[in-house]
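>>> Return atomic coordinates for the entry below.
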Amino acid sequence: MAFEIPKQIYSGSIKTVTIGKGAKAITLGGETSYPFYVFEGVMPNKPRIAMEVWDKDPGEEWAAPVYETIKDVAKDPVAWAQKCIKDFGAEAIGLILVSTDPNGDDASPESAAATAKKVAAAIDVPLIVYGTSNVEKDAEVLPAVAEACDGFNIAIGPVQDKNYKKVGAAALAYKHTVVANSPIDVNLAKQLNILLGQLGVKDSQILVDPTTGGLGYGLEYSYSVMERDRMAALTQEDDKLQLPIINYVGQEVWKVKECKLSEAEAPQLGDHAKRGILMEAITAVDLLLAGADLLIMRHPQAAKLTKSIIQEMAG
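Presented below is the predicted three-dimensional model:
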């Protein structure tokens, strides 16, 4: 008698969200089983990889091995985004408006919006635009970005419980997707999704950002929360958690000491580039296994490695 793998029956499924326009628009979600459990359900839309682009030159803020990959275009976000697509195979671009940080350059919403529009017009893949997580400043910047990028069907975030009304209303007005961010907590994630729904934002316009921890720096906590999110969505029919998940991986991994310290500073850690690439790739794959649908990554080799693993696991 042939052995049959016991199969779980799922009563729920993940809803779909489409960002971008044209032939290279991407649809996220649609799973009817746990991540990559293709023997129990379907995974019609494979997870996607976006590459991180800043609106200013990161310079020494980035570890040398990753800065080397973009130093020739670091001062021009349009050229940077185009390089990520052409040379690194990015399926989307994550534009981070670092210059708007009120504790840094404090760039104006108008300036940030103009940059976002230039990037959106110059690429043929979807655009995700992130502010700096400063609630007040993002509430000024993201609506301006939404207006400037009218017609591009971008994703804007992070949208938080203290600014969701202003940013959510702008996304509604210009038909964009919002990235709902909560601090590694299933109940807070669900509550924010409910609030956005009450505002009028449809489920097809919401991506969930559960806040990401890097390898060795909170990854286990992030993983468990995402896992509980997927369990509630698929086995408990919690419709406010049946939404695709996005993780901003690059910044969390490359800011830790193991990725920033050079071989001269920490020879015991081994090859600087290799350790950073592997830490980012391992974090990314762990998050995929927890339920991520879209990852914003930094190093092209880490992204390439992660994409190959997605292909192998999803078939």
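>>> alpha carbons only for contacts and neighbour counts from here, please
Fine.
>>> who touches the residue nearest to residue 301 when sequence neighbours are not counted in this structure?
Of all residues not flanking residue 301 in the chain, residue 277 sits nearest, at 6.6 Å (C-alpha to C-alpha, 6 or more residues apart in numbering). Listed by C-alpha atoms under 8 Å, 6 or more residues apart in numbering, the contact partners of residue 277 are 299, 301-302.
>>> Pick the one among those closest to residue 73.
residue 299 (14.5 Å; C-alpha to C-alpha).
>>> Now the residue lying closest to residue 70 once chain neighbours are set aside: phi and psi?
Distance criterion C-alpha to C-alpha, 6+ apart; nearest residue to residue 70, sequence neighbours excluded, is residue 80 at 6.9 Å. The phi/psi pair for residue 80 (degrees, to the nearest 10) reads phi -60, psi -50.
>>> do the same with residue 266
The phi/psi pair for residue 266 (degrees, to the nearest 10) reads phi -140, psi 70.
>>> measure it to residue 260 for me?
10 Å (C-alpha to C-alpha, to the nearest Å).
>>> higher neighbour count, the two?
Higher neighbour count among residue 266 and residue 260: residue 260, with 23 against 14, using other C-alpha atoms under 10 Å.
>>> Disregarding residues adjacent in the polypeptide, which is nearest to that one?
residue 63 (5.0 Å).
>>> My read is that that neighbour contacts residue 258, right?
No. With contact defined as C-alpha atoms under 8 Å, residue 63 does not reach residue 258; the gap is 10.2 Å.
>>> For these two, indicate the residue with more neighbours.
The neighbour comparison of residue 63 against residue 258 (other C-alpha under 10 Å) goes to residue 63, with 21 against 17.
>>> In contact with that one, which residues?
254-255, 259-261.
>>> So which of those residues sits lowest on pLDDT?
Within the contacts of residue 63, pLDDT reaches its minimum at residue 261, with 85.
>>> Now for that one, how many residues are close by?
Residue 261: 17 neighbours (other C-alpha under 10 Å).
>>> Please shift the residue numbers so they start at 32 in all later answers.
Understood, numbering begins at 32; the last thing we discussed is residue 292.
>>> backbone phi and psi for it, please?
Dihedral angles (degrees, to the nearest 10) for residue 292: phi -70, psi 130.
>>> check contacts around the residue nearest to residue 101.
Residue 111 neighbours (C-alpha under 8 Å, 6+ apart): 84, 101, 104-105.
>>> From the residues you listed, pick the one nearest residue 252.
residue 84 (26.7 Å).
>>> and that closest one, how many neighbours?
Residue 84: 29 neighbours (other C-alpha under 10 Å).
>>> With just CA atoms, put the host helix or strand of it into CSV.
Per DSSP states H and E: residue 84 is located in strand 79-85. This file holds the C-alpha atoms of strand 79-85, laid out as CSV (Å, rounded to 0.1, in the frame of the first residue of the first chain):
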residue,chain,number,x,y,z
ARG,A,79,8.6,38.5,-5.4
ILE,A,80,11.8,40.4,-4.8
ALA,A,81,12.0,44.2,-4.8
MET,A,82,15.4,45.9,-4.6
GLU,A,83,16.0,48.8,-2.2
VAL,A,84,16.8,52.3,-3.6
TRP,A,85,17.4,55.4,-1.5
